[in-house]
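> Quick one, fold the following:
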Amino acid sequence: MKSTRTNDLAGIYCNPLNLNYRVQHPNSGDHQFDKSVWLREGADPSVAIFNGAYYLFSSVSDCYWRSRDLVNWDILAPRDIANLPILRNYAPTAVVIGDTLYLKDGNGKGFVHCTETPDDPDSWRPLPDTNWRLHDAQFFLDDDRRLWIAYGCSPTGKLFLQELDIRTFLPTGPAHEFMMPDVANHGWERACGNNDHEDHGWVEGPQLFKRNGRYYFIYTCPTIDNVYANGVYVADTITGPYRYQAHNPVTQKLTGFATGAGHGEIFRDLHGNWWTLTCQNIYVLDRFERRICMFPTGFDEDGLLNSDTWLGDYPTRVPNTRRAEPMTSEWMGWHLLSRNRPATASSALPAHPPQLAVEEDIRTWWSAASGEPGEWLEIDLGQVCEVAAVQVNFAEQDLTCGVEENPAARYQVLGSQDGKHWESLVDQRKNTRDITHDFTVLKGAPRARHVRLVNTRMPYGGKFAIRGLRVFGSGAGAPPVAPAFTVTRHPNDAREAVIRWQPVPGADGYVVRYGIAAHKLYRANQIYDRCEYVCRSLNAGVAYQVTVDTFNANGYAQGTEFIGI
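Presented below is the predicted three-dimensional model:
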């Protein structure tokens with residue numbers, strides 16, 4: 001058993017999750033992707049709580065993970081993947097019944113597997129005759145111990161719910177059909193950029209859960225800008241009728257370092273707090289190139305479900321007690337210090353210059369000319385700052401293999417106030433783990449203006465390449481002020497509105513927040529390098545309130561003006 005532990009200060013994480021996403025060739029088969037390259041993929045997460053631990057499963061992973069705190073994850077991999085082949089398929093689903101954990105792939109004819117000892121990845125055994133195929137299937141065990149499965153992945157917009165025999169795991173009874181998308185009225189459901197699905201939408205990844213006697217039917221649409229988002233319908237009985245929640249989508253992330261927040265699972269932790277595990281899109285080397293993220297989730301005073309993706313790529317706390325409802329943000333309050341600051345490097349490939357490592361986009365990256373020890377990347381933060389945390393996001397540049405006896409990337413992060421005298425901030429020169437989005441909280445928040453990342457070793461024969469060297473903390477300058485703004489709803493399409501504002505001196509960026517009331521601004525989008533946002537995610541016939549915030553390395557200014565649309 002290996003460990004992915006990188007943060008000794010338990011209780012803080014930063015998306016994307018730092019897992020050993022499997023290295024593989026592109027899976028999509030699309031002619032536009034180079035089938036000779038190697039990439040990483042992890043998607044469609046499902047989690048189960050068993051004997052006081054969390055067990056996380058992902059598509060095409062060859063392993064699964066265990067955690068006690070939702071921050072540090074241990075790798076559990078069978079000695080031979082043939083003993084648990086569904087780990088190499090898509091959209092897993094897991095459920096605990098009694099003293100047994102059950103697992104099924106959601107996109108193939110793999111058998112349901114079960115174990116009473118999931119800490120032993122070689123202990124799983126298949127159940128006979130359970131190699132049925134239901135796309136994107138998700139188990140749900142009701143309070144009355146009836147076992148159900150929600151499923152569907154289709155351009156028709158149809159999802160299904162069917163009961164399973166709890167002893168045999170075979171479908172029984174009728175399949176109840178639901179039609180979720182309504183693209184004519186729900187702007188966020190539109191498959192923008194995909195005309196084949198514009199009229200009816202694409203739907204997938206359903207999940208059912210229950211709270212206070214009410215059933216929540218979650219569904220995913222791969223929508224605007226080719227990113228995932230989750231919606232919800234609510235009912236008083238398991239087969240409906242289901243009603244569209246007034247606040248929708250419940251999970252959406254169109255901007256920031258990594259976009260996308262859908263096709264995953266909503267669950268309660270050991271303290272009773274709600275979370276959403278979802279996919280984030282990269283979609284550069286392959287359309288299935290994805291990562292896994294986690295967002296705080298909860299219910300407001302009116303019972304509306306929402307996942308908090310505001311500043312969803314920033315360091316986030318995992319409470320070790322029950323969170324109060326209605327839910328409040330778990331952001332640590334640390335600002336992004338590194339975005340668009342001057343970057344230099346020891347070398348660079350022509351298509352991957354150093355500045356791409358600080359433009360806050362997981363889809364672009366800096367790459368050194370080699371993977372040799374000593375290659376480096378340096379950022380000038382522009383002022384001496386208190387550095388609270390560093391996230392090193394590796395890119396897969398020119399990997400030469402998909403199997404590595406020692407998959408550990410090794411590096412060191414140095415800090416300096418004057419560019420001459422350096423101290424170690426992060427030392428991973430003896431790391432033994434396969435790290436991808438390595439996040440470290442620094443003890444004592446050391447002060448630095450210059451941050452340098454130095455390579456020691458790159459695995460899989462790759463070059464030293466970084467999607468984002470992200471530095472968090474507090475600057476010493478003045479925070480910005482929130483701008484005045486205007487809002488115009490599209491005269492011919494109630495699903496769209498345009499928000500415009502004047503540039504604020506000293507601002508690094510803006511956040512447009514909107515929702516169905518001034519105290520329910522649950523959707524948020526970070527905007528850089530422009531003073532306009534075209535919102536295409538509105539629901540027709542719904543009145544909204546909007547505000548615009550401003551932020552920089554020194555502070556965050558929430559808007560105090562609210563405009564209705």
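> residues touching residue 399, list them.
23, 37-39, 460-462 (Cβ atoms under 8 Å, 6 or more residues apart in numbering). C-beta coordinates here come from the backbone N, C-alpha and C atoms, glycine included.
> Sitting in strands, which of the residues you listed do you find?
Mapping the contacts of residue 399 onto strands (DSSP state E) picks out 23, 39.
> Make CSV out of the contacts of residue 399 and add distance to residue 249, pLDDT and neighbour count.
Shown next, in CSV, are the contacts of residue 399 (distance: Cβ to Cβ, whole Å; pLDDT from 0 to 100; neighbours: other Cβ atoms under 10 Å):
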residue, distance to residue 249, pLDDT, neighbour count
23, 32, 96, 22
37, 33, 93, 14
38, 33, 96, 19
39, 28, 96, 24
460, 36, 97, 19
461, 41, 96, 12
462, 36, 97, 22
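> Need the contacts of residue 399 in a markdown table (columns: distance to residue 483).
As requested, the contacts of residue 399 are exported to a markdown table (distance: Cβ to Cβ, whole Å):
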| residue | distance to residue 483 |
| --- | --- |
| 23 | 44 |
| 37 | 43 |
| 38 | 44 |
| 39 | 40 |
| 460 | 45 |
| 461 | 48 |
| 462 | 42 |
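> right, and the pair among the contacts of residue 399 with maximum separation?
39 and 461 (13.9 Å; Cβ to Cβ).
> Identify the residue spatially nearest to the most centrally placed residue in the chain, adjacent ones excluded.
Nearest to the geometric centre of the chain sits residue 293, at 2.4 Å (Cα atoms, centre = their mean). The spatial neighbour of residue 293 that comes closest, neighbours along the chain excluded (Cβ to Cβ, 6 or more residues apart in numbering), is residue 15 at 4.0 Å.
> what helix or strand is the residue lying farthest from the centre of the chain on?
Within the chain, the residue lying farthest from the chain centre (Cα atoms, centre = their mean) is residue 420, at 37.7 Å. Residue 420 is part of no helix or strand when elements are defined by DSSP states H and E.
> Roughly how far does it sit from residue 346?
Residue 420 sits 18 Å away from residue 346, going by Cβ to Cβ, to the nearest Å.
> Please apply the same query to residue 124.
46 Å.
> likewise residue 454?
Note on residue 454: its distance to residue 346, by Cβ to Cβ, is 9 Å.
> Show me whatever sits in contact with both of the two.
Residues touching both residue 454 and residue 346 (Cβ under 8 Å, 6+ apart): 374-376.
> Just the buried residues out of these, in PyMOL syntax.
In PyMOL syntax, the buried subset of the shared contacts of residue 454 and residue 346 is picked out as below (16 or more other Cβ atoms under 10 Å):
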select buried, resi 375+376
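> Between the shared contacts of residue 454 and residue 346, which sits nearest residue 320?
Distance to residue 320, by Cβ to Cβ, is smallest for residue 376 among the shared contacts of residue 454 and residue 346, at 37.5 Å.
> Surely that closest one is in contact with residue 455?
Yes - if you go by Cβ atoms under 8 Å, residue 376 and residue 455 touch, sitting 6.8 Å apart.
> residues in contact with the nearest residue to residue 57 once chain neighbours are set aside?
Once flanking residues are discounted, residue 57 sits nearest to residue 92: 4.1 Å by Cβ to Cβ, 6+ apart. Residue 92 is in contact with 44, 46, 57-59, 86, 103-106, counting by Cβ under 8 Å, 6+ apart.
> how about residue 92, phi and psi?
Main-chain dihedrals, residue 92, degrees, to the nearest 10: phi -70, psi 160.
> Would you map out the domains in this structure?
Per automatic domain parsing, the structural domains of the chain span 2-317, 335-474, 485-564.
> quick check: longest strand of the protein.
Identified as the longest strand of the chain according to DSSP E is strand 376-394.
> Which other helices and strands does that strand contact?
In this structure, strand 376-394 packs against strand 343-345, strand 410-416, strand 423-428, strand 437-441, strand 447-457, strand 465-474, with contacts taken as 3 or more Cβ pairs under 8 Å, 6 or more residues apart in numbering; DSSP states H and E.
> Name the residues of that strand that are buried.
Using 16+ other Cβ under 10 Å as the test for burial, strand 376-394 gives 376-379, 381, 385-394.
> Pull up the pairing partners for it, direction included.
Using DSSP bridges, strand 376-394 pairs in its sheet with strand 343-345 (antiparallel), strand 437-441 (antiparallel), strand 447-457 (antiparallel), strand 465-474 (antiparallel).
> could I get the ones you listed as TSV with distance to residue 251, mean pLDDT and mean neighbour count?
Shown next, in TSV, are the strands paired with strand 376-394 (distance: least, Cβ to Cβ, whole Å; pLDDT from 0 to 100; neighbours: other Cβ atoms under 10 Å):
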stretch	distance to residue 251	mean pLDDT	mean neighbour count
strand 343-345	32	98	20
strand 437-441	20	98	23
strand 447-457	32	98	21
strand 465-474	22	98	25
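> Could you pull up the residues touching residue 24?
Residue 24 touches 38-41, 60, 402, counting by Cβ under 8 Å, 6+ apart.
> err, residue 230, not the other one
So residue 230 contacts 218-220, 249-252, 261-264, 276, 278, 307 (Cβ under 8 Å, 6+ apart).
> Give the burial count for the residue lying closest to residue 319 once chain neighbours are set aside, as a bare number.
The shortest distance from residue 319 to any non-neighbouring residue, by Cβ to Cβ, 6+ apart, is to residue 273 (6.2 Å). By the measure other Cβ atoms under 10 Å, the count of residues near residue 273 is 22.
> Verify the contact between residue 412 and residue 430 for me.
No - using Cβ under 8 Å, residue 412 is not in contact with residue 430, being 10.3 Å away.
> Can you pick out the residue with more neighbours from these two?
Neighbour count, other Cβ under 10 Å: between residue 412 and residue 430, residue 412 has more, with 17 against 8.
> Can you name the residues bridging to the closest residue to the more buried one other than its chain neighbours?
Computed as Cβ to Cβ, 6+ apart, the closest residue to residue 412 that is not its neighbour in sequence is residue 454, at 4.9 Å. Residue 454 forms beta bridges with residue 376, residue 412, as assigned by DSSP bridges.
> try residue 525
residue 512.
> ok, now how distant is it from residue 229?
According to Cβ to Cβ, residue 525 and residue 229 sit 12 Å apart.
> neighbour count winner among those two?
Between residue 525 and residue 229, residue 229 has the larger neighbour count (other Cβ under 10 Å), namely 27 against 21.
> so that one sits in a helix?
No - read with DSSP: H, G, I helix; E, B strand; the rest coil, residue 229 is strand and lies in no helix.
> Tell me who's in contact with it.
Counted by Cβ under 8 Å, 6+ apart, residue 229 has contacts 188, 220-221, 223, 249, 251-253, 260-262, 537.
> And for residue 115?
Applying Cβ under 8 Å, 6+ apart, the residues near residue 115 are 100-101, 123-125.
> Dump those to a markdown table, plus neighbour count.
Formatted as a markdown table, the contacts of residue 115 follow (neighbours: other Cβ atoms under 10 Å):
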| residue | neighbour count |
| --- | --- |
| 100 | 13 |
| 101 | 22 |
| 123 | 16 |
| 124 | 20 |
| 125 | 12 |
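> And those residues, which is closest to residue 169?
Distance to residue 169, by Cβ to Cβ, is smallest for residue 100 among the contacts of residue 115, at 11.2 Å.
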